[in-house]
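[1] Dropping the sequence and predicted coords here.
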Amino acid sequence: MTKKRIGSLLLLLLDIATIFIILQCALYIRKNVLPYFHTFPEFPQIDFTFFWWVFPIWTFFFFYEGLYSKRLSFWDEVKILWKTSVLSTLGVFAILYLGKFGEQVSRTVLVVMGIISFPLLPLIRIQIKKLLMAAGLLSSKALVIGAGKTGEMIFNALRKDPNLGLNVVGFLDDDPQKIGKKIGGVRIHAGVDKAHKYIGRCGIGDVIIAMPGCEKGRLFSLINDLQHRTRNILLIPDLFGITVLGTNLQHFFQEQAIGLEVKNNLAKPLNIFVKKVFDLTVSLLLLIILAVPMLIISILIKIGSKGPAIFSQERIGRKDRPFRCYKFRTMFTDADNRLDMLLKNCSEAQKEWKDHWKLKNDPRVTKIGEFLRKTSLDELPQIFNVLKGDMSLVGPRPVTRMEIDEYYREQANLCFGVPPGITGLWQVSGRSNTSYDYRIALDAWYVRNWNLWLDIVILLKTVSVVLKREGAV
């Protein structure tokens, strides 16, 4: 039995153990926590032995979603695990009622099990996979063919997402100037046409072809030669900059051809409606949770310096419509005069302001304002902008008219075809450490690739970035 099969078997057994843990937690909550809030009917049996039939249902959906056969990025795996939780819970209730023994089983336990599986299942399973990969049971040796910018980009992407389990052990390239050099500590070897020898000699499981400029005939020959010598081939095409999320592969069997179907998700009224409902629902929940902290922040701002607690400034919204964007005041009331004096007397500050539209050591910022900016708490009042319909939870940055005219230019229509967001891709991609042009590129990528899951991922990553204070000013 190969290491991969052993790893998959261990993962299956540990998944069953995880389901058992989640069930035990649900039973504990049902018996010891919920009775304090509500009176529940008594059941003759309310222990895990009475729920044995739940395990095969959950396990079936694990297999059905390909959780033992697919290589998934971190966020793709979280998405599929959440989907599995929903399907498994629905499947359990379907069996419950088809078997006509619903009155004999605590349905509260099954509902609680489904709810708590959302945080627990990804948390436990992904940590288990890390341990199995560290033991070499679920990881695979990968060979990258092409040591140019594309090859280096793919190498960095794989290192940033170890959940894929692809360990790059070497590069192949024909450029004599690259032979013998290293990318991230991994050596570049000679001879693209000798790839099959490296596969057999080094136990390569996956081959990544990252040569977007390769001649078509040679590329086809390389793929056909390696297809049956390794488990998987990942081809990186020369299609950078187009939409990737939600893009479907179309097969034309008669002509032995394939096509990419690129969709405009935000052109569908249903998707716009879903995004709006999501924004309003989450914003209302956040407002309820954060009402008291926001009141405390307002009081601290008033104590620290003269002026209103909330500051508003004109920004450009969807379809070039101006609106008042709310923030907690983080600056002194004479902030403009302080900025003018600094820019007149400091060339370094001038360059920083031109490149980033922000200053790391900003003389305009109050003490409490500095804390609010580092923690991004200054943007909490924008929840009211979302509720008013001026903004979204996730979207392009809300900017001024001058920024659009000077920096966005031809990208303006694309980026501001949707409402600006409280957070977005730039906030979770280095935030103020990124250049202005890169921020615009991220905004454009977000609009082209929008889907609801992307919004959820960005919101979750924003929480992580804010807690770590990455790139804050």
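    Here it is on my side, so go on.
[2] Please point out which parts of stretch 115-131 sit buried.
    By 16 or more other C-beta atoms under 10 Å, the buried positions in stretch 115-131 come out as 116, 117, 120, 121, 122, 124, 125, 128, 129. Every C-beta, even on glycine, is put in place using the N, C-alpha and C of the backbone.
[3] The second one belongs to a strand, doesn't it?
    No. Residue 117 is assigned helix when assessed by DSSP: H, G, I helix; E, B strand; the rest coil, not a strand.
[4] Would you check that it makes contact with residue 22?
    Yes. Between residue 117 and residue 22 there is a contact at 5.1 Å, judged by C-beta atoms under 8 Å.
[5] residues near the spatially closest residue to residue 407 that is not a sequence neighbour, how many?
    For residue 407, ignoring the flanking residues on the chain, the nearest one in space by C-beta to C-beta, 6 or more residues apart in numbering is residue 436 at 5.8 Å. Counted with other C-beta atoms under 10 Å, the neighbours of residue 436 add up to 18.
[6] go on, residue 193?
    Neighbours of residue 193 using other C-beta under 10 Å come to 13.
[7] just to confirm, which helix or strand has the residue lying closest to it once chain neighbours are set aside in it?
    With sequence-adjacent residues excluded and distances taken as C-beta to C-beta, 6+ apart, residue 193 is closest to residue 222, at 7.8 Å. Assignment of secondary structure by DSSP states H and E places residue 222 within helix 216-226.
[8] Pull out the buried positions in that helix.
    Neighbour-count burial for helix 216-226 flags 219, 222, 226 (criterion: 16+ other C-beta under 10 Å).
[9] pull the CA atoms of that helix into PDB?
    Extracted C-alpha coordinates of helix 216-226, given in PDB (Å, rounded to 0.1, in the frame of the first residue of the first chain):
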ATOM      1  CA  LYS A 216       2.400  24.700 -29.300                       C
ATOM      2  CA  GLY A 217       3.700  21.600 -31.000                       C
ATOM      3  CA  ARG A 218       6.400  21.100 -28.400                       C
ATOM      4  CA  LEU A 219       3.900  21.700 -25.600                       C
ATOM      5  CA  PHE A 220       1.500  19.000 -26.900                       C
ATOM      6  CA  SER A 221       4.300  16.600 -27.300                       C
ATOM      7  CA  LEU A 222       5.500  17.200 -23.800                       C
ATOM      8  CA  ILE A 223       2.000  16.700 -22.300                       C
ATOM      9  CA  ASN A 224       1.400  13.500 -24.300                       C
ATOM     10  CA  ASP A 225       4.800  12.100 -23.300                       C
ATOM     11  CA  LEU A 226       4.300  12.800 -19.500                       C
END
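[10] Okay, helices next: where are they in the stretch 251-400 of the chain?
    Taking DSSP state H, counting those that start in this stretch as the test, the helices found in the stretch 251-400 of the chain are 269-304, 335-345, 347-356, 367-375, 382-388.
[11] Highest mean neighbour count out of the ones you listed?
    Mean neighbour count (mean count of other C-beta atoms under 10 Å) peaks for helix 382-388 among these, with a mean of 19.
[12] In this structure residue 309 contacts residue 296, no?
    No. Counting by C-beta under 8 Å, residue 309 does not reach residue 296; the two are 10.7 Å apart.
[13] residues in contact with stretch 194-212?
    Residues outside stretch 194-212 that contact it (C-beta atoms under 8 Å, 6 or more residues apart in numbering): 4, 140-146, 148, 150-151, 153-154, 166, 168-170, 172, 189, 192, 219, 222-223, 225-226, 229-238, 240.
[14] domain ranges for the chain?
    3-134, 140-240, 269-330+365-468 (automatic domain parsing).
[15] Adding mean pLDDT and distance to residue 337, write those domains out as TSV.
    Conversion of the domains of the chain to TSV gives the following (pLDDT from 0 to 100; distance: least, C-beta to C-beta, whole Å):
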stretch	mean pLDDT	distance to residue 337
domain 3-134	87	45
domain 140-240	88	44
domain 269-330+365-468	88	14
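[16] so which of the ones you listed gets nearest residue 258?
    domain 140-240 (10.5 Å; C-beta to C-beta).
[17] So residue 323 is in contact with residue 382, correct?
    No. Counting by C-beta under 8 Å, residue 323 stays clear of residue 382, with 10.8 Å between them.
[18] Overlap of the contact sets of those two?
    By C-beta under 8 Å, 6+ apart, residue 323 and residue 382 have these common neighbours: residue 391.
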